[in-house]
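Enquirer: Build the 3D model from these lines:
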Amino acid sequence: MSDNDLESLKHKLEQAEASRLAQSRFLSNISHELKTPIQGVLRLLELLSASELNADQRDILLTCQNSSSRLLDLVRDILDFHKLELQQLEPDHVEFDFRDMLESTVRLFSEQASTKEIELINFVDPNLPERVVGDPIRLKQVLNNFIRNAVKFTEKGQVLVQVTLETWQHNKATALFKISDSGTGISPEIKDKLFTAMLPGGSQTGTGLGMALCKELVELMGGEIDVTSKPGEGTCFSFSLTFDTPETTEAFPKHEMNIKNGLVLASNPHLQFVVEKYLNHFGVNCTHCENSENIKELLNTEPKPDFVLINGYDLEPGLLFWLSKNSKQNILMTPFGSDLDTPYFKNLHKPIALKDLVLLAKQAQTPYNRILEKLKQLTIVKPMMNVLLIDNSEINIKLCRRLFAVNDADLQVAPTYNQASKMLKDDQYHLIIANTQINGVDKLNDIKELTAEFLETPFIGLSISHSQQEQKQASDAGLISLQENPVRFEPLLKTINSYFSE
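Expert: Numbering: from 1, shown residues only. Down below sits the predicted model:
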């Protein structure tokens, strides 16, 4: 090969590398531009869900939340698949609420399942650690793809999501994930090509991109996917993942119950198993009822059961009125967003979250708004705070105003770092919340200058990315924490309270 040929080849390789880097930068930038407004919409919808809404309004709100979440998942899938091709994707290692992440992920699909009148059932083992260290975003992507396809290709029966503890020792816990359905199943020909990225979107498994990405992400996190399926009988995807566990984490606490016995009417055996397994964990005995006559018979015996728990699909005509006269504590399992408006029943949203079941089983109270209950618990340990928000995002300003207003804190806003510097010199602030990117421009150097000048004031950063590299850069810049952008109430309050409690 001549020198000219070598020079030409070198030039072409340099062009190819430049093109690859330009494509990577473009996808990263466009992903940031897309994810930020979508996440902003989701935060505002969550805030709206704490308002007093009628059933129709709440149903519309749920549809908006699910559609926005699906769009965000799609953006993440495309970007991550591209990163995997470039071998640029690395798993995150962050601490997160394991149970809450799992239950909220499954609940995203409650509307689709309810529309098709199929049961969407989740079982998250009470013996699992409550907090783990891993990659919650990638895990959620995998579960989203599997659950979405399971609901899509199931016309009757159920979709069952199970997460059970395999081992937990020496600060490491291994969980087994199973997503099974009673749908169309997968033919042997499709099964052989299941994780091919170019599989047509109309196949028995949904888009090939999502399935191929699931395989790559599970392997990235140290697992391997197993598939069992029979055409016409359904499909089961399973994989095991090992997580580090914080020193202080525990399994779900065994609450003291003032109830001992209950009646359960659920014709679906999987739902019945989940309810009984959860309640048995707290020492509550459950008696399975076959029908409404069975319930009436057992409620007329001594000692009377403490509560009656009924699946909404199994509620027979006349039973509602009869129970209102003969049973003091009645719980109805309803699809999320489809509450029964009656003072005689408390609504337990399906798929069931363990905390919701415990709360309803322990207390005789009216149906509650899950998000509103969360907001009521968001209390800052340091009252009358003076807080400065450095951001020009309308969404973050609205979210922070709402959060700090309910905590009697004074929030001031600086849209630029120059203005923030002037305000910090004129007034004293207990806390600074700073967006690490304003108008697409990285502001970590500006933050570093401010943290160096105002050493006694804690700074919390907001970022669209949570990579280990960015976490380290944030720490080097003097931030006590790097939070998700747009802001999320619970993690932010946890960080604030942890800092001021020391």
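
Enquirer: So which bits of the one helix or strand Gly210 maps to are buried?
Expert: According to DSSP states H and E, Gly210 maps onto helix 208-220. Buried positions in helix 208-220, judged by neighbour count with 16 or more other CB atoms under 10 Å: Gly208, Leu209, Gly210, Met211, Ala212, Leu213, Cys214, Lys215, Glu216, Leu217, Val218, Leu220. C-beta here means a position set from N, CA and C on the backbone, and glycine is covered the same way.

Enquirer: Next: stretch 354-364.
Expert: Of the residues in stretch 354-364, those buried (16+ other CB under 10 Å) are Leu354, Asp356, Leu357, Val358, Leu359, Leu360, Ala361.

Enquirer: cool, stretch 387-399 as well?
Expert: For stretch 387-399, by 16+ other CB under 10 Å, it's Val387, Leu388, Leu389, Ile390, Asp391, Ser393, Ile395, Asn396, Ile397, Leu399.

Enquirer: Report the contact partners of the fifth one.
Expert: Which is Asp391. Ile397, Val413, Ala414, Pro415, Ile433, Ala434, Asn435, Ile438, Leu462 (CB atoms under 8 Å, 6 or more residues apart in numbering).

Enquirer: Next, format the buried residues of helix 208-220 as JSON lines and append distance to Phe454 and pLDDT.
Expert: Below are the buried residues of helix 208-220 laid out as JSON lines (distance: CB to CB, whole Å; pLDDT from 0 to 100):
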{"residue": "Gly208", "distance to Phe454": "52", "pLDDT": "49"}
{"residue": "Leu209", "distance to Phe454": "47", "pLDDT": "59"}
{"residue": "Gly210", "distance to Phe454": "46", "pLDDT": "71"}
{"residue": "Met211", "distance to Phe454": "50", "pLDDT": "81"}
{"residue": "Ala212", "distance to Phe454": "48", "pLDDT": "80"}
{"residue": "Leu213", "distance to Phe454": "43", "pLDDT": "82"}
{"residue": "Cys214", "distance to Phe454": "46", "pLDDT": "87"}
{"residue": "Lys215", "distance to Phe454": "48", "pLDDT": "88"}
{"residue": "Glu216", "distance to Phe454": "44", "pLDDT": "85"}
{"residue": "Leu217", "distance to Phe454": "41", "pLDDT": "89"}
{"residue": "Val218", "distance to Phe454": "45", "pLDDT": "93"}
{"residue": "Leu220", "distance to Phe454": "40", "pLDDT": "89"}
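
Enquirer: so which of those would you say is closest to Arg76?
Expert: Leu213 (9.3 Å; CB to CB).

Enquirer: Please verify my assumption that that closest one contacts Asn145.
Expert: Yes - with contact defined as CB atoms under 8 Å, Leu213 reaches Asn145; the gap is 7.0 Å.

Enquirer: shared neighbours of these two, which are they?
Expert: Joint contacts of Leu213 and Asn145 (CB under 8 Å, 6+ apart) are Asp77.

Enquirer: count of neighbours near Glu14?
Expert: 10 (other CB atoms under 10 Å).
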